[in-house]
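Novice: what follows is a predicted structure for the sequence shown.
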Amino acid sequence: MEESLQTLVHDMLYKQILFEYESIQLQEYYINNIAANIFSLKQFPNIEKYNHRGSSALGKEFFLKFSVLKFSLDRLLGNDNYIGRFFATRPNSQGFIHIDMAGGKPIPRYWSLNIPVLNCQDNYHEWFNIGVEPDFISTDFNSWFWTKDSNTELINKLELKDPYMLKVSVPHRINNPTDQVRVALAIRTIDNRETFDFL
């Protein structure tokens, strides 16, 4: 990348986005179709832990199951201009600090619309200033990772009580100090938009 990751700093890290969606049905879908395998996906031997894991990408076929959510997303993000993934974070754990990639390419993803699914109280999406470059890059996991917490400064955090648009081109992680698995649905635009009319 010509531009250092450390220069991708933005004033606004999150914005609450209220819309209608099938909350209970999303919980049931995760429990019945995703939960059993979410932490058994591929891991890398040179990395000690992956406490924060994502499902496979969810496309149009998934969203057609949730007509209210799909209607809301079409209005917000453009007709069928989005994909989703469930993300789960183990109890009493933190994910690695990371920056999201767009589609497995070394290009930062700018925004993620995150919806709370299960146990998103008393845990946090955290953002950081970091004084060093990432020490692990994975196109399989679509991220630049900082696997050590040295030279980091917490700059903000958010409890995901409602849907929020989150800036994911700034180093961030999930910190889950509770005794339950935390689950959110992350929705990203296919065209990786840098901004939206509602921001």
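Specialist: Good, I have the coordinates.

Novice: from here on, contacts and neighbour counts on C-alpha atoms
Specialist: Will do.

Novice: which parts of the chain are helices?
Specialist: All helices of the chain, identified by DSSP state H, fall at 23-33, 60-63, 67-77.

Novice: now do the first one and helix 67-77, the angle between them.
Specialist: Okay, so that is helix 23-33. Orientation check (axes from the mean of the first three to the mean of the last three Cα atoms, to 10 degrees): helix 23-33 against helix 67-77 gives 110 degrees.

Novice: by contact count, what packs against helix 23-33?
Specialist: Packing contacts for helix 23-33, counted by 3 or more Cα pairs under 8 Å, 6 or more residues apart in numbering; DSSP states H and E, involve strand 111-118.

Novice: hey, C-alpha coordinates of the strand it packs on in CSV?
Specialist: C-alpha atoms of strand 111-118 as CSV (Å, rounded to 0.1, in the frame of the first residue of the first chain):
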residue,chain,number,x,y,z
TRP,A,111,-17.6,0.9,7.0
SER,A,112,-19.5,-2.0,8.5
LEU,A,113,-23.1,-1.8,9.6
ASN,A,114,-23.2,-4.0,12.8
ILE,A,115,-26.4,-5.4,14.3
PRO,A,116,-26.4,-6.9,17.8
VAL,A,117,-27.6,-10.5,17.7
LEU,A,118,-26.7,-12.2,21.0
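
Novice: how far does that strand sit from its chain's centre?
Specialist: Distance of strand 111-118 from its chain centroid, counting by Cα atoms, centre = their mean, to the nearest Å, is 7 Å.

Novice: can you check stretch 186-198 too?
Specialist: 13 Å.

Novice: what does stretch 146-162 give?
Specialist: Distance, centroid of stretch 146-162 to centroid of chain: 13 Å (Cα atoms, centre = their mean).

Novice: ditto for stretch 73-81
Specialist: 18 Å.

Novice: contacts for that stretch next, please.
Specialist: K60, T189, I190, D191 (Cα atoms under 8 Å, 6 or more residues apart in numbering).

Novice: among the residues you listed, who's most crowded?
Specialist: Highest neighbour count within those: T189, with 21 neighbours (other Cα atoms under 10 Å).

Novice: touching, T147 and I99? I think so.
Specialist: No. T147 lies out of contact with I99 (Cα atoms under 8 Å); the separation is 12.0 Å.

Novice: what about the two, which has more around it?
Specialist: Neighbour totals were compared for T147 and I99, and I99 leads with 25 against 16 (other Cα under 10 Å).
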